[in-house]
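Colleague: Just the structure for this:
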Amino acid sequence: EVQLVESGGGLVQTGGSLRLSCALSGFSLDDYAIGWSRQAPGKEREVVSSIGRRSVVTYYAESVKGRFTLASDNAKTTVYLQMNSLKPEDTAVYYCGLGPMATLRTRDFDSWGQGTQVTVSS
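Modeller: Sure thing, here's the model as predicted:
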């Protein structure tokens, strides 16, 4: 069974950092890409970062480039989203999902997890 479970969200002040984790099971990172998306209240879901099969490539939305870093662990069972220099506009529920290739399009990913809340206070 394909399963993705997010964790690591929380409340942080502007300028702070958080590391989100996406625990993977039921498939291999060699065969699928992973995307991290976020959805703020009243806004559409957007993919902020994705990592390709075998972790060969990573993509970042302009809004997070230079602040967020996506990587997998050596065992390829967890994908991490390191978020630095957080801003209030980063407040959202963050989800990880899988897809055939790394893109920044929400429609290219599915099997989203339950999400983890990130709140950045000003």
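
Colleague: tell me the contacts of the residue of the chain most remote from its centre?
Modeller: Farthest-out residue of the chain from its mean C-alpha position, per Cα atoms, centre = their mean: Ser122, at 22.3 Å. Residues near Ser122 by Cβ atoms under 8 Å, 6 or more residues apart in numbering: 14, 88. For every residue, glycine as well, the C-beta is placed using N, CA and C.

Colleague: Distance check, it against Leu18.
Modeller: According to Cβ to Cβ, to the nearest Å, Ser122 and Leu18 sit 16 Å apart.

Colleague: Also Gln3?
Modeller: 22 Å.

Colleague: Please tell me I have it right and Gly26 contacts Val2.
Modeller: Yes: with contact defined as Cβ atoms under 8 Å, Gly26 reaches Val2; the gap is 4.1 Å.

Colleague: does Val93 sit in a helix or strand, and which one?
Modeller: strand 92-99 (DSSP states H and E).

Colleague: Wait, Ser28 touches Lys76, no?
Modeller: Yes: counting by Cβ under 8 Å, Ser28 does reach Lys76; the two are 6.9 Å apart.
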